[in-house]
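Novice: sequence first, predicted model second:
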Amino acid sequence: MKDQDSFSNFGEFTLINKIIEQLGSHVAKDIFVPPGDDAAAWINSKNSLTVATVDTLTEGTHWRPDTMNFNDVGWRAVTASVSDLAAMGATPTYLLIAITLDSNITDQNITMLTEGIAQSSAVHNVKIAGGDIIRAHTNMISVTAIGEILQDNRYPIMRRTTAEPDELIAISGYPGTSGAGLAIIEEGQREDGLDTELITLHRQPVARVQLGIKAAKAGIKCAIDLSDGLVQDLEHIAKASNIGIEIDTEKIPLHNTAYTLLGREKILDLALGEGGEDFELILIGKAQTLRSLHTMELPVTLIGRTVSHHPGQVKIHDSSGKEYEPPQRGWDHLRND
C-alpha cells in the first residue's frame, strides 16, 4: 500500500464519513437519528426511542499500564459509552461488552477488570446483557450501551444538528480535569494529597446521565459529551448545525486544584484540546434554561455563544477579544499516539 493510501493519513471523522459514503444504501439513514451523532436512535415497537452507541478502549491508545490498572479500565470503558447516551438525554439500560486479551493477561487482571465494570455499572444503573471474549495480540474492551427515551416523557432527543444562531453554550463541571489527573500521574504523585481527586477523575470518571435527562426535559435540543477536547467537540456541533461558535477563555471554569498544581495556561490548554475524556456535557440553548440546570453539586457554566457567521468553525477569544489558538484543538484516534 502506498503511503498516500494509508488510513493514518485520514482524520478519524474523515475516515468515518468515507466509510459511511462507501456503504451507501446499507447505512440506516432512515432511522430517527442516523450515524453521525453521539448515538443512533430508532423508534421501537413501544413507539418510544431506543438509543445505542459503541465505544472501544485499547491498551497503548486509551490507557497505559503505568497510569491505569485494570479496575480503572473496566470503569472507564462503561463510562465512555454511557456518556454518549447522556449526551442524547437517554436513560441507559443495558450493556454488551466484547473483550480481547493478550497472552500476558493474568487471572488477577481479569478479576480487576470485571470489578471495574461492575462498579461503574452500579454507579450508572445499567445491567450487562452479554458479550464476547477472545485472545488477541493486545488488550481491548468494547462496550455497546443501549438506552431509551420513553414516549410519555414527551421531550426531544438532544442532537448535534439542532443548534441555532444566537444561543448560548454551557459546559458542566470543569473541563481539563481528566488531562490534569493524567499529567499529575506522569509527574509522580505528590505528598500533599491535593492530587487525589484529579487522579480519580481521570481514572474513574462518571457520565452526566441525570443532567442529560434534566436538560432534555427542560427543552435543550443540542448537546454533545466532552470526550475529544472542548474545541473539537464544539466543532462537531458547528459543522453538523452549520453555525459558528465563539467561546471566551475567561469564562471556562477551571478546577481550583488543577489550577494550583499545574497553572492556568496548562489547565486551560488541557480543557481546550490537549486533554479530553472528561465526559462532561456541552449544552446549547437559551440562557435562562441553561442557568436553571446549574447546581452547587454540578455547576453548569456559560462559556460562549453561537453565531451565523463563520459556520462550521470555533473561534476562541480572551477577555480582551484577542483570538487565541491552543496548542491542540482536540484528540484524533487515528493521528494521536
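Specialist: Alright, I've got the coordinates.
Novice: show me the shaky parts of the stretch 151-300 of the chain.
Specialist: Scanning the stretch 151-300 of the chain for pLDDT under 70 picks out 152-155, 189-192.
Novice: the helices in it, which residues?
Specialist: 177-187, 196-203, 209-218, 230-241, 256-262, 264-269, 287-292 (DSSP state H, counting those that start in this stretch).
Novice: quick one: residue 275 from residue 183, how far?
Specialist: Noted for residue 275: a distance of 8 Å to residue 183, by C-beta to C-beta, to the nearest Å. Backbone N, C-alpha and C define where each C-beta goes, glycine included.
Novice: okay, those two: which has more neighbours?
Specialist: residue 275 (29 against 21; other C-beta atoms under 10 Å).
Novice: that one contacts residue 229, doesn't it?
Specialist: Yes: Residue 275 lies in contact with residue 229 (C-beta atoms under 8 Å); the separation is 6.5 Å.
Novice: which ones are touching the residue nearest to the spatial centre of the chain?
Specialist: Centroid check for the chain by C-alpha atoms, centre = their mean gives residue 227 as the closest residue, at 2.9 Å. Residue 227 makes contacts with 80, 83, 233, 276-279, 331, as judged by C-beta atoms under 8 Å, 6 or more residues apart in numbering.
Novice: for burial, what's the neighbour tally of residue 47?
Specialist: 9.
Novice: counting neighbours, what do you get for the closest residue to it other than its chain neighbours?
Specialist: In space, residue 47 comes closest to residue 151 once its chain neighbours are excluded; the distance is 5.4 Å by C-beta to C-beta, 6 or more residues apart in numbering. Counted with other C-beta under 10 Å, the neighbours of residue 151 add up to 12.
Novice: so residue 151 touches residue 48, yeah?
Specialist: Yes: between residue 151 and residue 48 there is a contact at 4.6 Å, judged by C-beta under 8 Å.
Novice: look up how far residue 122 lies from the closest residue to residue 253 other than its chain neighbours.
Specialist: Leaving aside its chain neighbours, residue 253 sits nearest to residue 301 (4.5 Å; criterion: C-beta to C-beta, 6+ apart). Taking C-beta to C-beta as the measure, residue 301 falls 29 Å from residue 122.
Novice: and the two? which has more neighbours close in?
Specialist: Higher neighbour count among residue 301 and residue 122: residue 301, with 17 against 11, using other C-beta under 10 Å.
Novice: give me the beta-bridge partners of the more buried one?
Specialist: residue 171 (DSSP bridges).
Novice: wait, doesn't it sit right on residue 250?
Specialist: No: in this structure, residue 301 is not within contact of residue 250 by C-beta under 8 Å, at 11.3 Å.
Novice: which stretches in the stretch 1-150 of the chain count as strands?
Specialist: Using DSSP state E, counting those that start in this stretch, the strands assigned to the stretch 1-150 of the chain run over residues 40-43, 49-58, 91-101, 127-135, 140-149.
Novice: can you add distance to residue 283 and mean neighbour count and give these back as JSON lines?
Specialist: JSON lines is the format used below for these (distance: least, C-beta to C-beta, whole Å; neighbours: other C-beta atoms under 10 Å):
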{"stretch": "strand 40-43", "distance to residue 283": "18", "mean neighbour count": "17"}
{"stretch": "strand 49-58", "distance to residue 283": "17", "mean neighbour count": "20"}
{"stretch": "strand 91-101", "distance to residue 283": "18", "mean neighbour count": "19"}
{"stretch": "strand 127-135", "distance to residue 283": "28", "mean neighbour count": "11"}
{"stretch": "strand 140-149", "distance to residue 283": "17", "mean neighbour count": "23"}
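Novice: about what we covered before: could you identify the buried members of the contacts of residue 227?
Specialist: With neighbours counted by 16 or more other C-beta atoms under 10 Å, those contain buried members at 80, 83, 233, 276-279, 331.
Novice: distance of residue 238 from residue 28?
Specialist: In terms of C-beta to C-beta, residue 238 sits 25 Å off from residue 28.
Novice: ok, residue 319 - contacts?
Specialist: With contacts defined as C-beta under 8 Å, 6+ apart, residue 319 is in contact with 248-250.
Novice: closest one of the residues you listed to residue 287?
Specialist: Closest approach between the contacts of residue 319 and residue 287, by C-beta to C-beta: residue 248, at 14.3 Å.
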